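# A structural model of the following input is requested.
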Amino acid sequence: MIPQRVRDGDVTTFIYESIATGKYTEVIEFLRPKSQTHFNSQAVQSVLGWCYVAQQDYVNAADCYERLTSIQPDNNSYWQHYAQCLSKAGFPSEALKIVNFVAARSDPETIAILKASIRFQEQEPRECKAILEKCSQKNPTVLRNLGCAHFQAKEYPEAAARFSQALAITGFQPSLTYALAVTHFEMRDFRQTAKLLNDIISKALSADPGLAPPFQTATETTRTFKNTPALQDSCLIEAYNLKAAMEFQTMNYEAARAVIGNIPPRHEEEIDMITLHNKAILDAENNPDEGIEILTHIVSQPAYPKETLANLVIMYFREELFDVAADFMAENIELCFTQLPEDIYNLFEAVIIEQTAPEEAYVRFESLIIRYQEQLKKFGNQEKANRRDGSTDKLKLAEAEYDQVLERLLPAVMSQAMMYWERKNYLQVEKQLKRMHEYLSDQQLWRTNMGHALFMLENYVEASKFYETVVRTQTTDLLKLSPVLLANLCVSYVMTSRNDEAEAVLRRVEEAEERQSRTLEPVGVAPAKDSNSSHLCLINLVIGTLYCSKGNFQFGLSRILRSFEPSVAQKLDKTTWLYAKRMLLGLIYKLNHHEVTLSATNLTECIDFLEQCEEAGRTIPLRVQIQGGRGGVTSSFVGAEARLLKKLFLKYAK
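Now for the predicted structure:
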């Protein structure tokens, strides 16, 4: 709360104590009225300007420093701060005029650094570097800014070298160490990135052990923290977020969630946009509607992480909200065009166009694939040349660029193949994937989808070979793999009379789920819903569905219903429901056409099961729906579908 009144003798104490604890808003609210009545007060304007800068409100900060230049026109520091704020507020030409105005009476290197900063804000790294390279290369500020210019130009080895030189002069500095960590992250040098981030984290926690988890107090309440200057200067939150991003890049999603969980809890209004973005992305699988809502909120803010826009559109696609994605991109066409790389923009457009003009979408996907293949050949040749020359940094950069192109090729290829998959043309899916063997054969997603295509073609021997290559990557924890992959592998084994191998996979999954349950739950405490994996349940669902499809409904149905033991409430989610619903709908169809009969006991079992699904599925969303042009986010629920299916079975029970 902002104090209603501060005694005259306590004003200075209140202001500096508030600044020390990061309560910049309280200081601004207290001083803003005084700035109108004490228009020429140097103290009021300078403190206000400093607080505005701390909150990155450069427009209001520029107003304060403009006033200070009128109060003390000979104070070069005020003119320089005024120029910096103008530049960061998006007025580079006005900032440059101010710099030129005070250049004659200021330190030449300070002026050069200011001019370089303005060029940096204008996204002109070449001009920025040209200015800084004429300055002293022993000045850590010059070296740091040069590193930023190289980074902006995507010259990561050169950026890393400059940041390292600056650190050699200054010693450990959290922000400079973090800049170096980000650079190694972009070079895909995750070992060095982790080393630097762990250094930042360990030093921050040593300085303030209270920032370390766990955050639960003895009374089970959660401690919260303010964004104090000390916390901001430590770069602890930035380090945790980058570490989570690194785990996410390597598909170690549970580790990424654990890292985000280590971030000191803050009140909602104090959580930074990057943390909010990363948490939404990690939680999107379980809460897609909430993820969309959070990302929509983030992109409505004046400043937000550059990845947010693309991730929001991807979430729309994943939830099959193609019309919403199309409307969003149309309403924000300039924003999308400027913030999304051209090929990503084109990929998104192709996905949207596919809904109404599949032939044109196919051509667009093909154009992207050809472009990526050309880029891969180019970077592959660079890798070979750098390996021959022994240039380690350039080799790492070429490898990172190659990997980035692969990351973009993969969705283009899969989107094109999906067009055939949706038309059940699995032979063409196989052909589309096979032609990318040269580039994607070591990608887990490619191997998985090759297995799926062959599985649908009932080529179980070859399908199992592709699935096995994926399973071999996980020698310790099968739960990190897709349950559908494991289920299809087991079915492939069964269909090729390799039942023992199928049973072996089932045992490994069961053991992994038991280990996970023991790890997550204290002794004597009932297991929480999220602590039990649905892998074994899904595998049994797929096997049960197979028997049903072969006409053995008695055995298939019993296997499906048993797969939800010991509790439907623990095993039910939108994926397990999808498989159970599919089988039950097939059964209803067969009953309606008198192709199968069920005993009264079996019908009762189905009705009892659906009643449990109705109760447990009341809050389990199936798909996201946007109301009123993204005015709100709603979901349909498993419970509602279970209730409708139960009514159908009750008709037959009568």
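# Could you use CA atoms for every contact and neighbour count after this?
Noted.
# Asp283 and Gly291 touch, don't they?
Yes: Asp283 lies in contact with Gly291 (Cα atoms under 8 Å); the separation is 6.9 Å.
# Just list the residues touching the residue nearest to Phe553 when sequence neighbours are not counted, thanks.
Closest residue in space to Phe553, ignoring its immediate chain neighbours: Tyr547 at 6.7 Å, by Cα to Cα, 6 or more residues apart in numbering. Counting by Cα atoms under 8 Å, 6 or more residues apart in numbering, Tyr547 makes contact with Phe553, Phe555, Gly556.
# in what helix or strand does Tyr547 lie?
Secondary structure assignment for Tyr547, by DSSP states H and E: helix 535-549.
# Same check on Thr13?
helix 11-20.
# Quick check: mean pLDDT of that helix?
For helix 11-20, mean pLDDT rounds to 86.
# Counting by contacts, list what the first helix or strand past that helix going along the chain packs against.
Downstream of helix 11-20, the next assigned helix or strand under DSSP H and E is helix 24-37. In terms of contacts (3 or more Cα pairs under 8 Å, 6 or more residues apart in numbering; DSSP states H and E), helix 24-37 is packed against helix 11-20, helix 42-54.
# one step back: how distant is the helix holding Tyr547 from the center of its chain?
32 Å (Cα atoms, centre = their mean, to the nearest Å).
# Could you pull up the mean pLDDT of the next helix or strand after it?
Heading C-terminal from helix 535-549, the first helix or strand you meet, by DSSP H and E, is helix 553-562. The predicted model gives helix 553-562 an average pLDDT of 86.
# Run the chain-centre distance for helix 553-562.
39 Å.
# List of residues touching that helix?
Asn540, Leu541, Ile543, Gly544, Thr545, Leu546, Tyr547, Cys548, Ala580, Leu598, Asn602, Phe609.
# how about that helix: buried residues?
Phe553, Gly556, Leu557, Arg559, Ile560, Leu561, Arg562 (16 or more other Cα atoms under 10 Å).
# that older thread, how about the contacts of helix 553-562, which pair is most distant?
Pairwise distances across the contacts of helix 553-562 (Cα to Cα) peak at 20.8 Å, for the pair Asn540 and Leu598.
# ok, the two, which is more surrounded?
Asn540 (22 against 14; other Cα atoms under 10 Å).
# Quick one: residues contacting the closest residue to that one other than its chain neighbours.
Nearest residue to Asn540, sequence neighbours excluded (Cα to Cα, 6+ apart): Ser563, at 5.6 Å. Residues in contact with Ser563 (Cα under 8 Å, 6+ apart) are Leu536, Cys537, Leu538, Asn540, Leu541.
# which one among these gets closest to Ser497?
Nearest member of the contacts of Ser563 to Ser497, counting by Cα to Cα, is Asn540, at 17.3 Å.
# and the gap between that closest one and Cys490?
9 Å (Cα to Cα, to the nearest Å).
# dump the residue contacts of Leu479.
Val509, Ala512, Glu513, Ser533, His535.
# picking that back up, next, work out how far apart the residue nearest to Asn540 and Asp573 are.
13 Å.
# try Ala181
Distance from Ala181 to Asp573, by Cα to Cα: 39 Å.
# Which one of these two is surrounded by more residues?
Set Ala181 next to Asp573 and count neighbours by other Cα under 10 Å: Ala181 wins out with 26 against 22.
# Test my guess that the more buried one contacts Leu196.
Yes: Ala181 is within contact range of Leu196, at 5.8 Å (criterion: Cα under 8 Å).
# overlap in contacts of those two?
Joint contacts of Ala181 and Leu196 (Cα under 8 Å, 6+ apart) do not exist.
# Give the buried residues for stretch 88-106.
Lys88, Ala89, Phe91, Pro92, Ala95, Leu96, Ile98, Val99, Val102, Ala103.
# Now the two most distant members of the residues you listed.
Most distant of the buried residues of stretch 88-106, by Cα to Cα, are Ala89 and Ala103, 21.1 Å apart.
# follow-up on the earlier one: ok, now how distant is the residue nearest to Phe553 from Ala168?
Taking Cα to Cα, one finds Tyr547 at 67 Å from Ala168.
# about what we covered before: pipe the buried residues of helix 553-562 into a markdown table and attach distance to Ser77 per row.
Formatted as a markdown table, the buried residues of helix 553-562 follow (distance: Cα to Cα, whole Å):
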| residue | distance to Ser77 |
| --- | --- |
| Phe553 | 83 |
| Gly556 | 79 |
| Leu557 | 79 |
| Arg559 | 77 |
| Ile560 | 74 |
| Leu561 | 75 |
| Arg562 | 75 |
